[in-house]
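Engineer: sharing a sequence plus its predicted fold:
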Amino acid sequence: MSQKGLSDFFEKYIGAKSIFINKAALQSAYHPQTIPHRDMEIEAIASILAPALKQEKPSNLFIYGKAGCGKTLCLRHISRELEANAARHNIPLKVLYMNCKLKKVADTEYRVIAQLSRELGKAIPPTGLPTDEVYKIFEQAVEADKGILLIVLDEVDQLVKKIGDEILYSLTRINEGLSQSKISLVGISNDMVFLAALDPRVKSSLSEEEIIFPPYNAIQLQEILYQRARLAFSEGAIDHGVIEKCAAYAAREHGDARRCLELLRVAGEIAERANHQRITIDHIDEADEKIERDRLMIILKTQPKQSQAALYSILTISSDKKTTIFTGDVYELYKKICDRIGLRPLTQRRISDIIAELDMLGIINVKVISKGRYGRTREITLSVDQATLPRMRKILEESLSL
DNA sequence: GTCAATTCACATGAAAGAGACCACGGTCTAGTG
DNA sequence: CTAGACCGTGGTCTCTTTCATGTGAATTGACGA
């Protein structure tokens, strides 16, 4: 493109009528005015938390539901209202929201407590203090606050899976040392069986109340999409059947509204980039592929070198021969690859874990099988599209400088 | 042919180490009045 | 005299290694029909 052409391009870009008028309405951080199809749940949660407005400690609450079914959205909505009401009537009430999935923020006991303390205005160094010291600081901060404190732990299952349920126990125990304040916990979890695995002591004190969010069905998803699409897109930017298709895609995956909205947004971006005036059903298909592909590539690029080498080993074996792949084969080749690129090879024990991690990420499929006399091992198959294999290999080769 | 024991090749668990990062308090050093 | 540099100690956190134990079915070998 010549310089003149570039200028023209930008001119045209600015002049072109965008199909978006407010893209933010499709992003997950967006808070809509109303939350459709969640009236019952909101009411239930509100009535459980309402005692906080009378300076009584609300019951601890556990909320379950699949990804993207509005748990977080509802809770944030309620806590905002709750805080606003409390402020209006001068009631000392605070809600601390914490997403336990965030790496480097809330994935260890120390960090969770430190982060909570920070939100109460205490400065806590990122490391260096003993954990019980941080607990003490937190307790003092809570006590000094004088009032009801609601702690919302989003995706607690992730937290507990990583560091155990002790932290929940400690948090519930803090109340015992408080006279001026009270803490209530609200846990949000995707995992329905999570509670069963908890220590009985923790379990009984935490699940004083439970609320289950059912997934959205296709019709409900459609309504949500229509509501957001009206805000996000300009008039007539969406073809007939697009919303329906979007909803159907997401309903297939346990009614994930977040994914649904992402699909629509990406489809919009694709349409816009291609200079189309309308989003069509084809754009949805394209968006679905793109989302999946992008996710995979980001995972690939952000893996540590060792995992990349292990994965590269798996990819190589699977393209060389069509037989099933076992841990031993992967490890042998992995060692050679390490040798070639000057990486210190890890032990088989660690590679075994890395393979399990790759399985968790959905890049490969792993099944533990017993081959009788010939031992027990993992049977590994690739769970990605054959078409994306060369691209994956290329990324790994670049990253490992092979 | 039947059945229990054996065996393989890892899986899986637990504990502990290495190295990075950080806070804190004490000591040293150089600059300032 | 004091601010800042520097050190040692003690803490967390992540990634690994080391050591130990577990596991499920093909294979083996003894036994009886």
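Structural biologist: Happy to help now that I have it.

Engineer: so which residues of the stretch 101-250 of chain A form strands?
Structural biologist: In order along the chain, the stretch 101-250 of chain A carries the following strands (DSSP state E, counting those that start in this stretch): A:148-154, A:182-189, A:209-213.

Engineer: now tabulate these in a markdown table and tack on distance to DNA strand C.
Structural biologist: To be clear about C-beta, it is placed using only N, CA and C from the backbone, and glycine gets the same treatment. Output for those, formatted as a markdown table (distance: least, Cβ to the nearest atom of the strand, whole Å):
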| stretch | distance to DNA strand C |
| --- | --- |
| strand A:148-154 | 16 |
| strand A:182-189 | 20 |
| strand A:209-213 | 29 |
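
Engineer: quick check: which of these is nearest to residue A:293?
Structural biologist: Of all the strands of the stretch 101-250 of chain A, the one in closest proximity to residue A:293, counting by Cβ to Cβ, is strand A:148-154 (27.9 Å).

Engineer: angle of that closest one against strand A:182-189?
Structural biologist: For the pair strand A:148-154 and strand A:182-189, the angle between their directions (axes from the mean of the first three to the mean of the last three Cα atoms, to 10 degrees) equals 20 degrees.

Engineer: what packs against strand A:148-154?
Structural biologist: In this structure, strand A:148-154 makes packing contacts with helix A:71-88, strand A:93-99, strand A:182-189, judged by 3 or more Cβ pairs under 8 Å, 6 or more residues apart in numbering; DSSP states H and E.

Engineer: as CSV, the ones you listed with mean pLDDT and mean neighbour count would be great.
Structural biologist: As requested, these are exported to CSV (pLDDT from 0 to 100; neighbours: other Cβ atoms under 10 Å):
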stretch, mean pLDDT, mean neighbour count
helix A:71-88, 92, 17
strand A:93-99, 88, 19
strand A:182-189, 90, 23
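
Engineer: in TSV: these, plus distance to residue A:357.
Structural biologist: Conversion of the helices and strands packed on strand A:148-154 to TSV gives the following (distance: least, Cβ to Cβ, whole Å):
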stretch	distance to residue A:357
helix A:71-88	26
strand A:93-99	21
strand A:182-189	22
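
Engineer: how about residue A:340: what's its closest non-neighbour residue?
Structural biologist: residue A:402 (7.1 Å; Cβ to Cβ, 6 or more residues apart in numbering).

Engineer: does the one you found touch residue A:315 like I think?
Structural biologist: No. If you go by Cβ atoms under 8 Å, residue A:402 and residue A:315 don't touch, sitting 11.6 Å apart.

Engineer: which residues do the two both contact?
Structural biologist: residue A:396 (Cβ atoms under 8 Å, 6 or more residues apart in numbering).

Engineer: more crowded one of the two?
Structural biologist: Set side by side, residue A:402 and residue A:315 show unequal neighbour counts under other Cβ atoms under 10 Å, the larger going to residue A:315 at 21 against 13.
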